[in-house]
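In: With the input below, show me the fold.
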Amino acid sequence: MCGRYSIRKPVTKTADLVKTNIKVEDTDNFNAHPTQKLPVIKSYSNGKALELYEWGLVPSWSKKLDKFSPLINARRETLLEKVTFKNLIQTSRCIIPADGYYEWKREEKTKTPYYFTKEDEELIYNITKALWNDESRKLMDVGHAKGKTITPETALSGVGVPLHPGAERFYKEAGLIK
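Out: Numbering: from 1, shown residues only. Okay, the predicted model is just below:
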């Protein structure tokens, strides 16, 4: 994930997906950033909830919490092997509703923000396809003890939200859904 993103009308956008809204207002945020309380969808035994969580992770092993900057990103390549994340990926997942994200281009002393959003399905189709390429498969197999159990066939098990049209297209082409 990036360092800034936008979300418009999170309550309206997620109304069909969640059972409960816990103190989330239906307001636009065009500058969602670390340390803010932001809307996420969490899954519970009685359904999904939209609630606010602070963006950033302070690992339990951090000895000087007052001087530790919260972690805001994880590399896909090392996600399943880093002690900070390897257990969280199995136990503490959530969905971040977002409309787009910002990346900055540095030119000499100036940083210019660029906003990325994609209305069509091609980007998500290609991201989903990349998740299941041979190189990604090797990383999952060796990166974590449970990595081998995550397969295209099991990835959709228990998915309680509609798939993005691009992801749906990939799984249909792969013969995993009708």
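
In: CA atoms for contacts and neighbours, from now on please.
Out: Will do.

In: Which positions within the helix or strand harbouring S136 qualify as buried?
Out: Assessed by DSSP states H and E, S136 sits inside helix 134-143. Applying a neighbour-count criterion of 16 or more other Cα atoms under 10 Å, the buried positions in helix 134-143 are 137, 139-141, 143.

In: repeat for stretch 166-175
Out: Residues of stretch 166-175 classed as buried by neighbour count (16+ other Cα under 10 Å): 166-171.

In: Name the nearest of the residues you listed relative to R106.
Out: Nearest to R106 among these, counting by Cα to Cα, is G166 at 31.3 Å.

In: Now do the strand or helix carrying that closest one: everything it contacts.
Out: Assigned by DSSP H and E, G166 belongs to helix 165-173. Contact with helix 165-173 is made by 120-126, 128-129, 177-178, as judged by Cα atoms under 8 Å, 6 or more residues apart in numbering.

In: Go ahead and measure how far that helix is from the middle of the chain.
Out: Counting by Cα atoms, centre = their mean, to the nearest Å, helix 165-173 is centred 18 Å from the centre of its parent chain.

In: Alpha carbons only: can I get it in PDB?
Out: This file holds the C-alpha atoms of helix 165-173, laid out as PDB (Å, rounded to 0.1, in the frame of the first residue of the first chain):
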ATOM      1  CA  PRO A 165     -14.900  -7.400 -12.100                       C
ATOM      2  CA  GLY A 166     -11.200  -7.700 -13.000                       C
ATOM      3  CA  ALA A 167     -10.600 -10.400 -10.400                       C
ATOM      4  CA  GLU A 168     -13.800 -12.200 -11.300                       C
ATOM      5  CA  ARG A 169     -12.700 -12.300 -15.000                       C
ATOM      6  CA  PHE A 170      -9.400 -13.900 -14.000                       C
ATOM      7  CA  TYR A 171     -11.000 -16.600 -11.800                       C
ATOM      8  CA  LYS A 172     -13.600 -17.300 -14.600                       C
ATOM      9  CA  GLU A 173     -10.900 -17.600 -17.200                       C
END
